[in-house]
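Undergrad: I would like the atomic coordinates for the input below:
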Amino acid sequence: MARGFTLVEMLVVMTISAILVAAAVPSFQWLIARNRVADAANLLIATLQYARLEASRRGQTVVVCRVEDANVTPPVCSSVAVGDFDGNDWAAGFVMFAKVDPNVDTTAFEVNDIVLRRHQGQAAGAGIRVNAHSNIGGAERIAYPPHATAGTAGAGTFAIDYRVPTLPAVNNEAFGSFTVSNAGRCVIVAPLIGTMRVAAPTAGTC
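TA: As a prediction, this is how the structure comes out:
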């Protein structure tokens, strides 16, 4: 004679299932965070590598800078906080452009300059999202001169994480209260030759 589950057996199965799901959720969330961070770090590194290559190939200064809106024409480099993006959070978006005239401003976009890439950031107020804080300070830009070194804007470190943005705004000269989780990564741009490397955070900092 066929026999189904008793109520007690069903409750036991449901309890065990709930425990397994509860145990798996943190690991799954951590995996999502790591994947988002890896994607953001790879995009930034690829952009900077391309800028360095183009500076050498074109014989022109190539600039990568943070913007408030990557779709604005002409692009405007900015370190102004907008929405829940701090002034040094490149997750707001960034643009790459080549300087055509070497005798004018070597970092700001000028009339004849050429936009090479645009990366639109995430929408503000999205809750948990990628954060890409830099410690460059002041003008949020890295410029590669024709000899392909990190020149005009110097270099710096990016603390990339997947989390709710830290408020209030982080000081432009340092990461301040921004703490990097174990899923976060640090993208370090060398000051002399402009090469990049990725490192794990130490005690929550880059």
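
Undergrad: ok, now how distant is the nearest residue to residue 44 once chain neighbours are set aside from residue 116?
TA: Here the nearest residue to residue 44 in space, its sequence neighbours aside, is residue 187; by Cβ to Cβ, 6 or more residues apart in numbering that works out to 5.6 Å. (C-beta placed from N, C-alpha, C; glycine too.) As judged by Cβ to Cβ, to the nearest Å, residue 187 and residue 116 stand 20 Å apart.

Undergrad: of those two, who's got more company?
TA: Taking neighbours as other Cβ atoms under 10 Å, residue 187 and residue 116 compare with residue 187 leading, 23 against 17.

Undergrad: so what's that one up against?
TA: Contacts were defined as Cβ atoms under 8 Å, 6 or more residues apart in numbering; by that measure residue 187 touches 41, 44, 45, 157, 158, 160, 196, 197, 198.

Undergrad: so the residue nearest to residue 44, which of the three states?
TA: Following DSSP: H, G, I helix; E, B strand; the rest coil, residue 187 is assigned to strand.

Undergrad: what of residue 159?
TA: In three-state terms, and counting by three-state DSSP, residue 159 is strand.

Undergrad: who is it paired with across the strands?
TA: When bridges are called by DSSP bridges, residue 159 pairs up with residue 133, residue 186.

Undergrad: wait, it sits on residue 202?
TA: No: under the contact definition of Cβ atoms under 8 Å, residue 159 does not touch residue 202, with a separation of 11.3 Å.

Undergrad: of those two, who's got more company?
TA: Using other Cβ under 10 Å as the criterion, residue 159 and residue 202 rank with residue 159 on top: 24 against 9.

Undergrad: low pLDDT regions in the protein?
TA: Low-confidence segments of the chain, defined by pLDDT under 70, are located at 1-28, 103-106, 124-126, 148-154, 166-178.

Undergrad: strands along this structure, start to end?
TA: For the chain, applying DSSP state E gives strands covering 62-66, 93-98, 114-120, 129-134, 141-144, 157-163, 185-189, 196-199.

Undergrad: got the angle between the second one and strand 62-66?
TA: Using axes from the mean of the first three to the mean of the last three Cα atoms, to 10 degrees, the interaxial angle of strand 93-98 with respect to strand 62-66 works out to 170 degrees.

Undergrad: with adjacent residues omitted, what lies nearest to the residue nearest the centre of the chain?
TA: The centroid of the chain falls nearest to residue 132 when counting by Cα atoms, centre = their mean (3.3 Å). With Cβ to Cβ, 6+ apart as the criterion, residue 132 has its nearest non-adjacent residue at 4.2 Å, and that residue is residue 90.

Undergrad: hang on, the earlier thing: make CSV out of the strands of the chain and add distance to residue 78.
TA: Conversion of those to CSV gives the following (distance: least, Cβ to Cβ, whole Å):
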stretch, distance to residue 78
strand 62-66, 6
strand 93-98, 10
strand 114-120, 14
strand 129-134, 13
strand 141-144, 10
strand 157-163, 17
strand 185-189, 19
strand 196-199, 23
